[in-house]
Structures are given as structure tokens and as C-alpha cells.
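Trainee: Below: sequence and its predicted model.
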Amino acid sequence: MQILHPAGWDKPIGYSNGIAVEGGKLVFIAGQVGWNEKQVFESEHIAPQFDQALANVLAVLAEAGGKPGDICRMTAYCCDKPAYMAARAELGAIWRKHMGKHFPAMSMIFVVDLLDSPGKIELEATAVVGGR
């Protein structure tokens, strides 16, 4: 996996501008929300939902034989920007708990609502398992 960082650009914080991967198995992970394996939300707050959604992404990835460092792209959809901004430090700690210092190419998109209530955040990802 090659991190793509054009010369002269400031270093991004918490994501990569791009990633190149050769070979491997592509894994596309559908949007995962902050509910448990029984599709029950255990919290209405953004941080616990983010924790669960990220754990759900990694559980799906593990089914393909992958690990967190195989994720090369992630998109987050959030319907509560003020809650997201207020929780950024806590969300960063949750990220490091699951992902360490691996930062894929990422996008954050704020939306009006999510399909699954009371969902606040949804994560989808693309990974390459066994790539270089």
C-alpha cells in the first residue's frame, strides 16, 4: 500500500489524500451504522455509535480475511455536525483503538438524516486484502 502525498502539500490530519495498492482481493463494505449484531442501537450518542459502526466495518472485513490496515478508503456520513465537532477528540481515541495510526483516504459527508434511526453516523469502506 502506497500513501499518495503530493510534494509541497501540507500533511492531512486523520486521513490520506490517496492510496495506491497492487494486487489483492477487493472488499467493498456497505454502510455500517452504530447498532449491534441484533440491529439494536445501544446509544443515541455519536461516539458510542461511531465505536460500534467502526467495529462493524472491521467485523465485515474480517470475514474476508482482512485487517484494519487493509482499508484503503472510507466514507463517513453524519447527520449531526455539531455533535461530531464536539466529539472529535473522543472519536479520534476510538479511531486509534480500532485502527491504530492507519489513515485511509477518507471523506466526511454531512447529511440530513440516515435510514436507520436513531443513527447519527454511517461508515462505508473499501479494502484490499493481500495487496501491496
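Mentor: Received, thanks. Quick caveat: nothing in here was measured; it's all calculated off a predicted structure. Numbering: from 1, shown residues only.
Trainee: What is the neighbour count of the nearest residue to Trp35 once chain neighbours are set aside?
Mentor: What sits nearest to Trp35 in space, not counting adjacent residues and going by C-beta to C-beta, 6 or more residues apart in numbering, is Phe41, at 4.9 Å. Quick note: C-beta positions are derived from backbone N, CA and C, even for glycine. Counted with other C-beta atoms under 10 Å, residues neighbouring Phe41 total 18.
Trainee: Is Met99 in contact with Leu54, as I believe?
Mentor: Yes. Contact status for Met99 versus Leu54: in contact at 7.4 Å, counting by C-beta atoms under 8 Å.
Trainee: Next one: the residue nearest to Trp35 from Lys81, what distance?
Mentor: In this view, Phe41 and Lys81 are 20 Å apart by C-beta to C-beta, to the nearest Å.
Trainee: residues touching the residue nearest to Trp35, list them.
Mentor: By C-beta atoms under 8 Å, 6 or more residues apart in numbering, the contact set of Phe41 is 33-35, 49, 116, 118-119.
Trainee: for Gly69, same thing?
Mentor: 1, 100, 102.
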